[in-house]
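J.: I'd like to go over a predicted model; first the sequence, then the structure.
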Amino acid sequence: MTFPVVTRVVHRRIDVDGVEVFYRESLPERPDAPVLLLLHGFPSASHQFRRLIDVLGGRYRLIAPDYPGFGHTRAPEGFVHSFDRLADITEGFVRELGLSRFVMYVFDFGAPVGFRLAERHPEWIAGLVVQNGNAYEEGLSQGARAFVALRPDVEGDEETVRGLLTLEGTRGQYETGVGDPELLSPDGWTLDQHFLDLPGRKEAQVALAFDYHSNVERYPAWQAWLREHTPPALIVWGRNDPFFPEPGAHAYLRDLPGAELHVFDTGHFALEENLPEIAPLIAAFLDRSWT
């Protein structure tokens, strides 16, 4: 009896500007394998990519860090949680690992982190995998627009944010819009909530929520970057995403008309339900774009 190659994955911490960044890294069979940097979303962490790493990590080098305020990463007291600072730490992380070229997977919060990184270092980006990572006004649902409008000095707005940080709110982000709820593992939202309930984590998420408007303000700059650099791109999207609906996926084609687009009948966390369909697309894209 023969078995498929089992992916070996290491779990490490590295110091970046006083932040202990936790990350997962697959050990592919080839030392020169294409590199895929996996940038997670809210309210999750690198564990959201565990199944993808298991499927593709034997053939490609997959690297998934946790941001400050997420997962197993430890930020010092007084760390300012903003999207600029998340990008700073991610940039430092890339430098510490000695990466000079990679395909970047951006999902949810990973889009504003990743596009800041791309603006700073376009030479690093060999290609983009965009999965429900928004960069266009039409990709914002009414609920997302209301979220973007929240401000710390408006009475009741902080309570609105904190209402999303409950187990019910976290589970809802996974389940809304999916075709078959039985394909979802409850481990995802349960682990997310464990991290959200750690000391200081809800305060970090409140700060990021109030900073989210800075991402929408940068959409025109990110679109200009896409037009200027025209990276190879694979766009995979859950059309029933309550935050970033399907028009946000098609909008990328204005600036990247050569991008490959696939839309799935699922929700925000598309990999949870459609990994068997999405993983081969990513593999083919890595083989095609890593030249």
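T.: Everything's here; your move. Values in this document were obtained by computation on a predicted structure and should not be read as measured data.
J.: just to check, Tyr23 is in contact with Val16?
T.: No - at 10.2 Å, Tyr23 does not count as touching Val16 under the criterion of CB atoms under 8 Å. Heads up, the C-betas are built off the backbone N, CA and C, glycines and all.
J.: so what sits against both of those two?
T.: Phe93 (CB atoms under 8 Å, 6 or more residues apart in numbering).
J.: could you list the low-pLDDT ranges of the stretch 101-250 of the chain?
T.: For the stretch 101-250 of the chain, applying pLDDT under 70 flags no range at all.
J.: where do the helices sit along it?
T.: For the stretch 101-250 of the chain, the helices defined by DSSP state H, counting those that start in this stretch cover 110-120, 142-148, 157-163, 167-175, 187-196, 201-211, 213-217, 219-229, 247-255.
J.: most packed of those helices?
T.: helix 110-120 (a mean of 23; mean count of other CB atoms under 10 Å).
J.: any chance you could list what contacts the top helix by length along the chain?
T.: Longest helix in the chain, counting residues (DSSP state H): helix 270-289. Helix 270-289 is contacted from outside by 34, 36, 48-49, 51-52, 55-56, 59-60, 103, 105, 126-127, 129, 131-132, 174, 178-180, 183-185, 188, 232, 234, 236-238, 260, 262, 264, 266-267, using CB under 8 Å, 6+ apart.
J.: what angle do helix 187-196 and it make with each other?
T.: If you take axes from the mean of the first three to the mean of the last three CA atoms, to 10 degrees, helix 270-289 sits at 100 degrees to helix 187-196.
J.: just checking, which of the contacts of helix 270-289 belong to strands?
T.: 36, 103, 105, 126-127, 129, 131, 234, 236-238, 260, 262, 264 (DSSP state E).
J.: give me the buried entries from those residues.
T.: 36, 103, 105, 126-127, 129, 131, 234, 236-238, 260, 264 (16 or more other CB atoms under 10 Å).
J.: could you export the residues you listed to CSV, including columns for distance to Phe147?
T.: Shown next, in CSV, are these (distance: CB to CB, whole Å):
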residue, distance to Phe147
Leu36, 29
Val103, 29
Tyr105, 23
Ala126, 32
Gly127, 29
Val129, 24
Gln131, 19
Leu234, 27
Val236, 23
Trp237, 19
Gly238, 18
Glu260, 29
Phe264, 23
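J.: wait, which of the residues you listed is closest to Arg162?
T.: Ranked by distance to Arg162 (CB to CB), these are led by Gly238 at 25.7 Å.
J.: got the contact list for that closest one?
T.: Asn132, Gly177, Val263, Phe264, Asp265, Thr266, Gly267, His268, Phe269, Ala270, Glu273, Asn274.
J.: between which two of those is the distance greatest?
T.: Using CB to CB, the contacts of Gly238 span at most 15.0 Å, a distance reached by Val263 and Phe269.
J.: quick one: which of those two has more around it?
T.: With neighbours defined as other CB atoms under 10 Å, Val263 and Phe269 compare such that Phe269 has more, 26 against 15.
J.: per-residue pLDDT, Pro31?
T.: Note for Pro31: predicted pLDDT of 89.
J.: swap in Pro4?
T.: Pro4 is assigned 64 on the pLDDT scale.
J.: what separation do you get for Asp203 and Leu37?
T.: Actually, residue 203 is Glu rather than Asp. 27 Å (CB to CB, to the nearest Å).
J.: over to Val236?
T.: Distance from Val236 to Leu37, by CB to CB: 16 Å.
J.: likewise Val6?
T.: Separation of Val6 from Leu37 (CB to CB): 23 Å.
J.: tell me which of these two has more neighbours.
T.: Of the pair Val6 and Leu37, Leu37 is the one with more neighbours under other CB under 10 Å, namely 27 against 9.
J.: touching, the more buried one and Leu99? I think so.
T.: Yes - applying CB under 8 Å, one finds Leu37 in contact with Leu99, separated by 7.2 Å.
J.: which residues are in contact with both of the two?
T.: With CB under 8 Å, 6+ apart, Leu37 and Leu99 have common neighbours Ile63.
J.: next one: Gly139 from Arg13, what distance?
T.: Gly139 is 34 Å from Arg13, by CB to CB.
J.: neighbour-wise, which of these two wins?
T.: Gly139 (24 against 14).
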